[in-house]
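[1] Here's my sequence, what's the structure:
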Amino acid sequence: MALVRTLKGHTPAFGANIFLAETAVVIGDVVMGKDCSVWYNAVVRGDVHSIRIGDRVNVQDGAVLHCTYQRAALTIGNDVSIGHNAIVHGCTIRDKVLVGMGAIVMDHADIGAGSVIAAGAVVLQNTKVEPGSLMAGVPAKRIGPVSADLSANEIERIAANYLTYAGWYRE
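    Sure, this is the predicted structure:
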């Protein structure tokens, strides 16, 4: 059973049809929408500020979602995939975004809808990413727009697959 912990009077709240892996950790001021999944060894730590997560969001194995005390909350939109071992910290991730494996998104960054943050990319503090951008590198730079193929075959496919995978674990 996942570790779900109340802290400082805040109890995580979950929408319908979620999956929390046995080793997932969700603490404090966290509100998660419906059809979300938090996978093995992922941490969603709302201990120092609020975390708001939309619908159909998957937080993959080893990912860390956190904030900065009294300065930077975390907001994640709908249909978002947070890749394995990514760090998403005190920022805004808009709808239909893929944050790649091992990527880091820092405080007050704002990731526009339909964007892809490539595996291993580091989005620096206060970076504003325009919608539909493909970002890569350290520090992350816009290397072009997200093509229709990339959107359909990565952003949408991965989000849909994680709904399927979570269903397997509920059987």
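[2] alpha carbons only for contacts and neighbour counts from here, please
    Noted.
[3] who does the biggest strand by length in the chain pair up with?
    Taking DSSP state E as the criterion, the chain has its longest strand at strand 43-53. Strands adjacent to strand 43-53 in the sheet, as given by DSSP bridges, are strand 25-32 (parallel), strand 64-66 (parallel), strand 74-76 (parallel).
[4] What lies in contact with the longest one?
    The contact list for strand 25-32 (C-alpha atoms under 8 Å, 6 or more residues apart in numbering) reads 2-15, 41-47, 49-55.
[5] Which among the residues you listed count as buried?
    Restricting the contacts of strand 25-32 to buried positions leaves 2, 4-6, 10-12, 14, 41-47, 49-55, with burial counted as 16 or more other C-alpha atoms under 10 Å.
[6] hang on, the earlier thing: now distance to Ser151 too, for the strands paired with strand 43-53, in a markdown table please.
    Output for these, formatted as a markdown table (distance: least, C-alpha to C-alpha, whole Å):
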| stretch | distance to Ser151 |
| --- | --- |
| strand 25-32 | 24 |
| strand 64-66 | 23 |
| strand 74-76 | 18 |
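[7] Which of the ones you listed sits closest to Ile158?
    Of all the strands paired with strand 43-53, strand 74-76 sits nearest to Ile158, with 16.2 Å by C-alpha to C-alpha.
[8] so what's the closest residue to Gly102 other than its chain neighbours up against?
    The shortest distance from Gly102 to any non-neighbouring residue, by C-alpha to C-alpha, 6 or more residues apart in numbering, is to Ala86 (4.3 Å). Remark: with contacts taken as C-alpha under 8 Å, 6+ apart, Ala86 is in contact with Gly62, Ala63, Val64, Val99, Gly100, Met101, Gly102, Ala103, Ile104.
[9] could you measure the second one against Pro131, distance?
    Read it as Ala63. Separation of Ala63 from Pro131 (C-alpha to C-alpha, to the nearest Å): 23 Å.
[10] out of these two, which sits in the busier spot?
    Taking other C-alpha atoms under 10 Å, Ala63 and Pro131 do not tie; Ala63 has more neighbours (26 against 19).
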